[in-house]
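[1] sequence plus predicted model, see below.
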Amino acid sequence: MRVSSVLRDTPFSVLDRSRVREGEDAPRALRDTVALAREAEAMGFHRFWVAEHHGVPGVAGSAPTVLAAAVAAATSRIRVGTGGVMLPNHQPLVVAEQFGVLESLFPGRIDMGLGRSVGFTDDVRRALGRGKDAAGAFGEQLTELLGWFTGDRAAHPRVRAWPAEGLRPAPFLLATGSGADLAAQLGLPLVIGGIRGEDAMLRAVDRYRAAFRPSAWADAPHVVLSGTVAVAPSAAEARRMLIPEAWSTAYSRTHGVFPPLAPAEAIEAMTMTAAERGRFDAALAGQVHGAPSEVAAALSSLLGRSGADEFLVTTSTYDRRRLIDSYRLLAGVLSLPPAEGPVHPGPAAG
């Protein structure tokens, strides 16, 4: 299969959310994340990121900087980071110190992906000491966080962040709502989901590129497109991989609890309510999946329309073997360089 130039020239990365499987526990999910990172590095993927969720039975990744440290220690060349740390849940100084430690231990390999989401439920938000309005101060928090690295300590002039000050973990802003505009204003690389709601994504990316201001962090706009990609020998097998995550999403939207991943065959045997079926079908729609040639065509088209600089894959499924096989087939679709190749430097700094 011939690889298009856009696929060959676009770095692809992995975001793993440490999903828990039915009948297993959260520690197993975390160990699986570290093991997957080693696999991703061997396959030639560019970055490996972990996520932040609190009080969610189906997701074990609650401490992304801690998990990123474990991933970085278990790998040697792949860039490691967060997708992302939810800044409204934390004090910017503490986040700066954590990434300062990571960058000190693993220099040149750390990505600081940042988001603005707060806890999933009222109870979780209360436990975190944050209300629904906590995200409203995200812009100020983000500016303060970046200042701890550059030495701009306007908010706390008598305090210095050690070992963060002077270090440069690569920041990325995860776009939700006005996130693309804030990324442009602060001169940060942008991570944006775009397989679903593509028209809205393209408009946001256009605004971001038009309004981008060069900064100490990036001298030009840099867009990372994110989404689910499932590859299997046939389109039917690839679609079946998506069923466990689609059901977990549908259940969370109708019951308020994000459950562990269940086997596809158990979900197919269920009798869903009308609300569950509607959410389930919606969760299955708009994903990139299929045989290798179908996925190659879909990704080439999507990257061509968006002009994205990178792609971040966020696939989850119950069967670990099928998940790893999917990433291996995707690496083949992309003709990824061998793992012993040079580390990609990421966005150019100003």
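    Received the coordinates, thanks. Numbering: from 1, shown residues only.
[2] low-confidence regions, the stretch 201-350 of the chain specifically.
    Scanning the stretch 201-350 of the chain for pLDDT under 70 picks out the ranges 338-350.
[3] again, only this time at 50
    Across the stretch 201-350 of the chain, the ranges flagged by pLDDT under 50 are 341-350.
[4] residues near A235, how many?
    Burial measure for A235: 15 neighbouring residues, criterion other C-beta atoms under 10 Å. All C-beta spots, glycine's among them, are computed from the backbone N, C-alpha and C.
[5] quick check: it touching P292?
    No - with contact defined as C-beta atoms under 8 Å, A235 does not reach P292; the gap is 10.6 Å.
[6] can you tell me the centre-most residue of the protein?
    G83 (3.7 Å; C-alpha atoms, centre = their mean).
[7] which helix or strand contains the residue nearest to that one when sequence neighbours are not counted?
    Spatial nearest neighbour of G83, chain neighbours left out: W49 (3.7 Å); criterion: C-beta to C-beta, 6 or more residues apart in numbering. Assigned by DSSP states H and E, W49 belongs to strand 47-50.
[8] and that strand, which strands flank it?
    Counting by DSSP bridges, the strands paired with strand 47-50 are strand 12-16 (parallel), strand 79-82 (parallel).
[9] want to throw those strands into JSON lines with distance to Y318 and mean neighbour count?
    Below are these laid out as JSON lines (distance: least, C-beta to C-beta, whole Å; neighbours: other C-beta atoms under 10 Å):
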{"stretch": "strand 12-16", "distance to Y318": "14", "mean neighbour count": "24"}
{"stretch": "strand 79-82", "distance to Y318": "25", "mean neighbour count": "27"}
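[10] save those as JSON lines, and put in mean pLDDT and distance to A40 too.
    Below are those laid out as JSON lines (pLDDT from 0 to 100; distance: least, C-beta to C-beta, whole Å):
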{"stretch": "strand 12-16", "mean pLDDT": "98", "distance to A40": "5"}
{"stretch": "strand 79-82", "mean pLDDT": "98", "distance to A40": "10"}
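[11] ok, which of the ones you listed comes nearest S326?
    strand 12-16 (10.8 Å; C-beta to C-beta).
[12] what's in contact with the closest one?
    33, 36-37, 40, 45-51, 61, 79, 83, 224, 226, 310-314, 316, 327, 330, 334, 336 (C-beta atoms under 8 Å, 6 or more residues apart in numbering).
[13] what's the ChimeraX syntax to select whichever of those residues are buried?
    Applying 16 or more other C-beta atoms under 10 Å to those, the buried members can be selected in ChimeraX as follows:
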select :33,36,37,40,45,46,47,48,49,50,51,61,79,83,224,226,310,311,312,313,314,316,327,330,334,336
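[14] restricted to strands, list the contacts of strand 12-16.
    Residues from those lying in strands, with DSSP state E as the criterion: 47-50, 79, 224, 226, 310-313.
[15] looking at these, which is nearest A26?
    V50 (13.5 Å).
[16] can you pull the contacts of T315?
    228-230, 241, 245, 323, 326-327 are the contacts of T315 under C-beta under 8 Å, 6+ apart.
[17] grab the CA positions of the one helix or strand W148 maps to and hand them over as CSV.
    Secondary-structure assignment from DSSP H and E places W148 in helix 138-150. Extracted as CSV, the C-alpha positions of helix 138-150 are listed here (Å, rounded to 0.1, in the frame of the first residue of the first chain):
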residue,chain,number,x,y,z
PHE,A,138,-8.6,29.3,33.3
GLY,A,139,-6.9,32.1,31.3
GLU,A,140,-5.5,33.7,34.4
GLN,A,141,-4.3,30.3,35.8
LEU,A,142,-2.6,29.5,32.5
THR,A,143,-0.8,32.8,32.3
GLU,A,144,0.4,32.4,35.9
LEU,A,145,1.6,28.8,35.2
LEU,A,146,3.6,29.8,32.1
GLY,A,147,5.1,32.7,34.1
TRP,A,148,6.6,30.3,36.7
PHE,A,149,8.8,29.0,33.9
THR,A,150,9.7,32.2,32.2
